[in-house]
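# Give me a 3D structure for the following:
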Amino acid sequence: MRQFDLIKSDHVHFGEKFMPELERSSNIAVVLTTEVSELQGNGRTGDGAKLWSQGAPAGEIALDYFVSQPAG
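Purely as a prediction, here's the structure:
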């Protein structure tokens, strides 16, 4: 079982701070102005999510890892 440590930090604008590295990565997809409407998994681990954007369903995505930034 993996352990994850959650650390609260000041608000970070990922696009401003990390965009060059994110654009070079073939393993990272940046999805902007989109919310997760439902996490999918087995109740213990997540393996996908349904997406919502601009007031409508925006598809589904399957991932090994999720990083989420709270709204606001």
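# pLDDT below threshold where in this protein?
1-7, 66-72 (pLDDT under 70).
# again, only this time at 50
The chain contains no residues with pLDDT under 50.
# quick one, strands of it?
In the chain, the strands defined using DSSP state E lie at 35-41, 46-53, 56-62.
# which one of these is the most hemmed in?
Ranked by mean neighbour count, those are led by strand 46-53 with a mean of 16 (mean count of other C-beta atoms under 10 Å). In this view, the C-beta of every residue, glycine as well, is placed from N, C-alpha and C.
# tell me what that strand is packed against?
Where contact means 3 or more C-beta pairs under 8 Å, 6 or more residues apart in numbering; DSSP states H and E, strand 46-53 is packed against strand 35-41, strand 56-62.
# Nearest to R24, out of these?
Among these, the nearest to R24 by C-beta to C-beta is strand 56-62 (20.5 Å).
# What lies in contact with that closest one?
With C-beta atoms under 8 Å, 6 or more residues apart in numbering as the test, strand 56-62 has contacts from A29, V31, T34, S37, Q40, D47, G48, A49, K50, L51, W52.
# Dump the strands of the chain to CSV, plus distance to P20.
What follows is these, written out as CSV (distance: least, C-beta to C-beta, whole Å):
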stretch, distance to P20
strand 35-41, 25
strand 46-53, 24
strand 56-62, 23
